[in-house]
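# Sequence and predicted structure below; questions after.
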Amino acid sequence: MTTTRCPLAIFAVTALTWLAPACSAAAAAIPEPLDRPFAGEINLAVDVTDIVHRIAHVHERVSGLGADAVLWYPKWLPGTHAPQGPIDRLAAIRITADGKPIPWVRDTVHVYAFRVHLPAGVHAIDIDFDYLSPTSERVGTPQMTGELLVLEWNDVVLYPAGYYARQIPVTAKLTVPPSWSIATALEPQPRDGTGTTFARVPLETLIDSPVFAGRYFKRIELDATTKVHLDVFADRPDLLNASAASVAAHSALVAQAYKLFGSRHYGHYDFLLALTDHIPPLLDTLEHHESSQHNLDANYFIDWDGTPSDRDVIAHEYIHSWNGKFRRPADLWTPSYEVPMQNSLLWVYEGQTQYWGLVLTSRAGLWSKAQTLDEIADRAAYYSTLPGRRWRPLQDTTNDELINPRRPMSWDTWQRFEDYYDEAALFWLEADNLIRKRSHGERSLDDFARKFFGVANGRVAPLTYTFADVVSAMNAVEPYDWSTFFHERLQGLDRLTLLDGIKGGGYELVYDDKPGDQWKARETQQKTVLLRYSIGMDIDDKDGTLKSVTWDSAAFKSGLTEGMQILAVNGTAYSGDLLKRTIAAAQHARAPIALILKSGDRYLVASVDYQGGLRYPHLQRIPSAPALLDDILATHP
């Protein structure tokens, strides 16, 4: 990559003339990353004791640099599939050598790159800066609270250009408030009173090994033989009280994953879990090779029966150790963090992981079979009625992280967003049933998982794959025209065959006026009234604000829009229960539903012409068909 900038000699001229014609001179190219050892190392010290202001103070010493060095701030982050490095949160950048200031210039094209000209004989620099983590959700996902910290090393490091990340050694030190505990996949050295130093690792390993720290902590052993732990941090000590049944289910997840893949690609593994009301659930949940990070409902353990809806995310991120971190799409693997990624195979990376997340959550007992069927029914109902499928193919949604890095959308049911997760999971279910039927029960997608993701037991280094590799591996399990199978589902529009996997498993999608237990739990957890398959909207149950309106639904056709607030239903003050009763009654009264709404400073009346009653999705057994889905979800002995 190349760029044009003012040469660093500009620092020798006066402030009034430094923008002179020198700016037209061509700058040296920023070195491309090469797979060669870096002659120096990075010593990184991060102090996050200023929890009140949510500031991390960073000191970094980088040795082994040349005269004209380029330092990168990580831009393209693994697991996010997008250029999301939060460079806007850096402040007070100061570079010195032997105590003397060294000027730096940000590249005007590649703004994540900093150019530094070193005096003769100087090969090491000291870098100091502040990382200003979000102080509220308005700024971003909180990373620090009064009780816990989520530290991602890519937020707090600059690294030299011209090298693969695996070739740059880093020794990191972290200082947290006194008495706080720390958990990470990194190997900590004995604490010296001023912080925790970790064993030296390549930059690639450091950035793939976040740290959770906090005031209230409990480590739960899930598998002693393979050193798998659940490291739990919480807002209060009572939130750490996990029942024997919940611990057993998490331990069973590890055992079921080993039975599925027949291998592991880590020396040890840490589930890093934050149970907090101060970080929104699921935000900043991310996979890593030897750990995973999760933010879940604060009551996850102490209200185990009442908080089931997000448990599959634990399984999902764990499965990524095999699918995503070890086996990785070739166009998603990059040598360092300034090199763009491509997302064409996210329907495997995320879609098949989503499928196995559902399956292993059931096999482990994190969900009952009934809860899993409820989840599948909801996802099948969503995609079989999704208006955006009429114009946008599934394959194009693999670009969504590049188009929109998870900013709020007004009409996501029309635009579509990240459907390579759940819609792809539905066609992986179809593929599983197809293999089972064609092989007369001799083989299944489990065999693909073992052959494709379970190879090279113990290997940690990524092993990449292409579309052709996926097709070839599927054919090795069951000969079939898998290339056409995938292309039709990725490029076809409004394909109703996405329900074929459910039918092939011996079930059909049906609707009635009774929500399942999983549906009711989600409404309670999210404090939301979910009416997406009837009137066509989801409502914040605290104040009646519309959280979403489905494109082309009865609510949409009546002029309702996200952000409006329902004040009254047929002349009576709004409540979620009242609206549900009114929808049910309208089915027989054959009369429109009158809503009084507030939109900004305006009040309006909407007449919603809907008489379809309450509609909740369920899976119902087809008596004449083999119950293959039951076999898929059953615990493996």
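Good, I have the coordinates.
# Which residue ranges make up the domains of this structure?
Listed domain ranges for the chain are 42-64+72-94+120-319, 327-513+621-633, 517-616 (source: automatic domain parsing).
# Pro103 is nearest to which of those domains?
Nearest to Pro103, of all the domains of the chain, is domain 42-64+72-94+120-319, at 10.5 Å by CB to CB. (Each C-beta comes from the backbone N, C-alpha and C, glycine too.)
# Quick one: low-confidence residue ranges for the protein.
Counting by pLDDT under 70, the ranges of the chain that qualify are 1-27, 496.
# what ranges do the strands span in the stretch 301-450 of the chain?
327-329 (DSSP state E, counting those that start in this stretch).
# In CSV: the domains of the chain, plus mean neighbour count.
Listed next are these as CSV, based on neighbours: other CB atoms under 10 Å:
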stretch, mean neighbour count
domain 42-64+72-94+120-319, 19
domain 327-513+621-633, 19
domain 517-616, 17
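# gap between the helix or strand containing Lys580 and the chain center?
Taking DSSP states H and E as the criterion, Lys580 maps to helix 576-589. On the basis of CA atoms, centre = their mean, to the nearest Å, helix 576-589 sits 37 Å off its chain's mean C-alpha point.
# What of stretch 117-130?
Computed by CA atoms, centre = their mean, the separation of stretch 117-130 from the middle of its chain amounts to 36 Å.
# CA atoms of that stretch as CSV?
Output of stretch 117-130 as CSV, limited to C-alpha atoms (Å, rounded to 0.1, in the frame of the first residue of the first chain):
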residue,chain,number,x,y,z
HIS,A,117,11.3,9.6,11.9
LEU,A,118,14.0,8.4,14.4
PRO,A,119,17.3,10.3,14.9
ALA,A,120,20.5,8.5,13.9
GLY,A,121,21.3,5.7,16.2
VAL,A,122,17.9,5.5,17.8
HIS,A,123,16.0,2.2,17.4
ALA,A,124,13.6,2.2,20.3
ILE,A,125,10.8,4.5,21.3
ASP,A,126,8.5,5.0,24.2
ILE,A,127,4.8,5.6,23.4
ASP,A,128,2.3,7.0,25.9
PHE,A,129,-1.4,7.5,25.3
ASP,A,130,-4.8,7.4,26.9
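# what helix or strand is Phe129 on?
Using DSSP H and E, Phe129 falls in strand 125-132.
# partners of that strand in the sheet?
With DSSP bridges as the test, strand 125-132 is paired with strand 55-62 (antiparallel), strand 90-97 (antiparallel).
# ok, then the element right after the first one?
Past strand 55-62, further along toward the C-terminus, the next helix or strand under DSSP H and E is strand 68-72.
# What helices and strands are in contact with that next one?
strand 113-117, strand 159-160 (3 or more CB pairs under 8 Å, 6 or more residues apart in numbering; DSSP states H and E).
# what helix or strand is Leu230 on?
strand 228-234.
# To Lys218, which of the strands paired with strand 125-132 lies closest?
Closest approach to Lys218 among those (CB to CB): strand 55-62, 24.9 Å.
# Can I get the closest one in PDB? Just the C-alpha atoms.
Provided in PDB are the C-alpha atoms of strand 55-62 (Å, rounded to 0.1, in the frame of the first residue of the first chain):
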ATOM      1  CA  ILE A  55      -9.600   5.700  31.100                       C
ATOM      2  CA  ALA A  56      -6.800   3.300  30.400                       C
ATOM      3  CA  HIS A  57      -3.300   4.800  30.600                       C
ATOM      4  CA  VAL A  58      -0.900   3.100  28.200                       C
ATOM      5  CA  HIS A  59       2.900   3.000  28.100                       C
ATOM      6  CA  GLU A  60       4.500   1.100  25.300                       C
ATOM      7  CA  ARG A  61       8.200   0.600  24.500                       C
ATOM      8  CA  VAL A  62       9.000  -0.600  20.900                       C
END
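# what's the angle from that strand to strand 68-72?
140 degrees (axes from the mean of the first three to the mean of the last three CA atoms, to 10 degrees).
# give the contact list for the nearest residue to Trp414 once chain neighbours are set aside.
Once flanking residues are discounted, Trp414 sits nearest to Trp551: 3.9 Å by CB to CB, 6 or more residues apart in numbering. By CB atoms under 8 Å, 6 or more residues apart in numbering, the residues touching Trp551 are 387-388, 411, 413-414.
# sorry, back to before: TSV for the domains of the chain, including distance to Val105?
Converted to TSV, the domains of the chain look like this (distance: least, CB to CB, whole Å):
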stretch	distance to Val105
domain 42-64+72-94+120-319	11
domain 327-513+621-633	17
domain 517-616	43
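# can you list contacts of stretch 515-534?
By CB under 8 Å, 6+ apart, stretch 515-534 touches 297, 306-310, 367, 370-371, 374-375, 377-378, 381-382, 385, 511, 537-542, 547-548, 550, 553, 576, 579-580, 583, 610, 612-618.
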